[in-house]
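Colleague: model the following, please.
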Amino acid sequence: MLSIGNIKLKNPIIQAALSGYSDRAMRVLARKFGCELTFSGVMLDSSACYEPLFKKPNYIIKDDEHPIGAQILGTNPETMATAAKNLHRVGYDIIDLNFGCPVPKVILKGRGGTLLQQPWKIMEIFNKVRDTVDCPVMMKLRIGMDNSEASREDFWDLCAKAAKQGVDGLIVHGRTVEQRYRQAANWQIIKELKKKFSRMTIIGSGDLFEPADIVDKFRSSGADGVAIARGAIGRPWIYAQIKDVLEGKKEIFQPGIKLQGQVVMQHFEILTELYDMRKCIGYFRKFMSQYSKSHTHIRKVRREFMTIKTEKALRQAIVKWYSLDE
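Modeller: Numbering: from 1, shown residues only. Alright, predicted model coming up:
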């Protein structure tokens, strides 16, 4: 069981917040295959302070989405607290503070992973948010700004302060900010973190793509859970596969072409409820690029879907390539 504050989950595998990906469509499909906790895409604190935003289809939380977490980026304690308050008010059950994002445009503005160089500032933000909302508050971290000794000391100092102040959980990606997604994620540090702070909920992240390897990292690290990010794009059934591995099943779930097609079609249908059609088709291409990897004709499927420009052509292509009935 995975505990995050007052939220108890039977499944220790959660869906991470993914900017530009983890909208309602991706979240619904994750739940379809057994994921109990999902996160919306990363939001700027200033955006979450703009209340009319929550009237747009993509920001309306429906009853079938609980529990759901929101992850926010920012540097100002007051603004972050207001953002958290708004997000909790509209239905989010968990607030996750992102202090690990390595994207250059985020770093250049002093947000995300940059703040790992200022543990005191992170704690100031955390304490202000925690005093403002009555739901679990987590932090998303990387293991330092870089591999320097000073950076590593800042990381451990921050974790110690977070444990002392009663953070409801840490999602820790096993790379530095400077590494971005290069080199292998360091799960040894995640193991050391859980050993040192045994009472703190630790959720590991980084290089989680194959079910057997994910379960191995989860068990060997001693983490309370793992957060699947890129590994779930175009593969929502990965949650069912991980469950099979956890349960020691000999036969691991493998979706046939028709089931893949039904998932692809459902994904597209949900997107049509969230975005206008022009944006919907272009946006869906990046998911189809990943869905196609599970098809027996990867290159042909990807090539066709990357050039489709109309809803009719897209639906016809799904029916054709995935053996669906008209």
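Colleague: now do the helices in this protein.
Modeller: Assigned by DSSP state H, the helices in the chain fall at 24-32, 45-48, 77-89, 104-107, 119-132, 149-165, 187-196, 211-221, 238-246, 257-274, 277-291, 298-305, 311-321.
Colleague: with mean neighbour count and mean pLDDT added, can I get those helices in a markdown table?
Modeller: Placement of C-beta: from N, CA and C, glycine included. Written out in a markdown table, the entries for these read as follows (neighbours: other Cβ atoms under 10 Å; pLDDT from 0 to 100):
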| stretch | mean neighbour count | mean pLDDT |
| --- | --- | --- |
| helix 24-32 | 21 | 97 |
| helix 45-48 | 20 | 95 |
| helix 77-89 | 21 | 97 |
| helix 104-107 | 14 | 93 |
| helix 119-132 | 18 | 97 |
| helix 149-165 | 16 | 96 |
| helix 187-196 | 18 | 97 |
| helix 211-221 | 18 | 98 |
| helix 238-246 | 21 | 97 |
| helix 257-274 | 17 | 96 |
| helix 277-291 | 17 | 94 |
| helix 298-305 | 16 | 95 |
| helix 311-321 | 16 | 95 |
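Colleague: which one of those lies nearest to Lys55?
Modeller: Lys55 lies closest to helix 77-89 among the helices of the chain, at 12.1 Å (Cβ to Cβ).
Colleague: any idea how far the closest one is from the chain center?
Modeller: Its chain's C-alpha centre and that of helix 77-89 lie 20 Å apart, by Cα atoms, centre = their mean, to the nearest Å.
Colleague: what's that helix packed up against?
Modeller: On a contact count with 3 or more Cβ pairs under 8 Å, 6 or more residues apart in numbering; DSSP states H and E, helix 77-89 meets helix 45-48, strand 68-73, strand 94-99, helix 119-132.
Colleague: now do 6 Å
Modeller: helix 45-48, helix 119-132 (3 or more Cβ pairs under 6 Å, 6 or more residues apart in numbering; DSSP states H and E).
Colleague: pull the CA atoms of the first one into CSV?
Modeller: This means helix 45-48. What follows is helix 45-48, C-alpha atoms only, in CSV (Å, rounded to 0.1, in the frame of the first residue of the first chain):
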residue,chain,number,x,y,z
ASP,A,45,1.7,29.0,-10.5
SER,A,46,0.6,32.1,-12.3
SER,A,47,-1.7,30.1,-14.6
ALA,A,48,-3.3,28.4,-11.7
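Colleague: contacts for it, please.
Modeller: Applying Cβ atoms under 6 Å, 6 or more residues apart in numbering, the set of residues contacting helix 45-48 from outside is Ile72, Gly74, Thr79, Met80, Ala83, Asn86, Leu87.
Colleague: how does this protein divide into domains?
Modeller: Split into domains by automatic domain parsing, the chain comes to 2-246, 257-321.
Colleague: ends of the shortest one, what's the gap?
Modeller: Put plainly, it is domain 257-321. From its first residue to its last, domain 257-321 covers 8 Å (Cα to Cα, to the nearest Å).
Colleague: centre of the chain to that domain, how far?
Modeller: That offset, for domain 257-321, works out to 22 Å (Cα atoms, centre = their mean).
Colleague: and what of the first one?
Modeller: Domain 2-246 has its average C-alpha position 7 Å from the chain's average C-alpha position, going by Cα atoms, centre = their mean.
Colleague: distance between the ends of it?
Modeller: 14 Å.
Colleague: closest to Pro12 out of the helices of the chain?
Modeller: helix 211-221 (6.8 Å).
Colleague: need the contact list for Ala212.
Modeller: Contacts of Ala212 (Cβ under 6 Å, 6+ apart): Val245.
Colleague: and for the one 10 residues further on?
Modeller: Contacts of Gly222 were listed using Cβ under 6 Å, 6+ apart, and they are Lys191, Lys194.
Colleague: how much space between it and Phe197?
Modeller: 11 Å (Cβ to Cβ, to the nearest Å).
Colleague: no further queries at this time; thank you.
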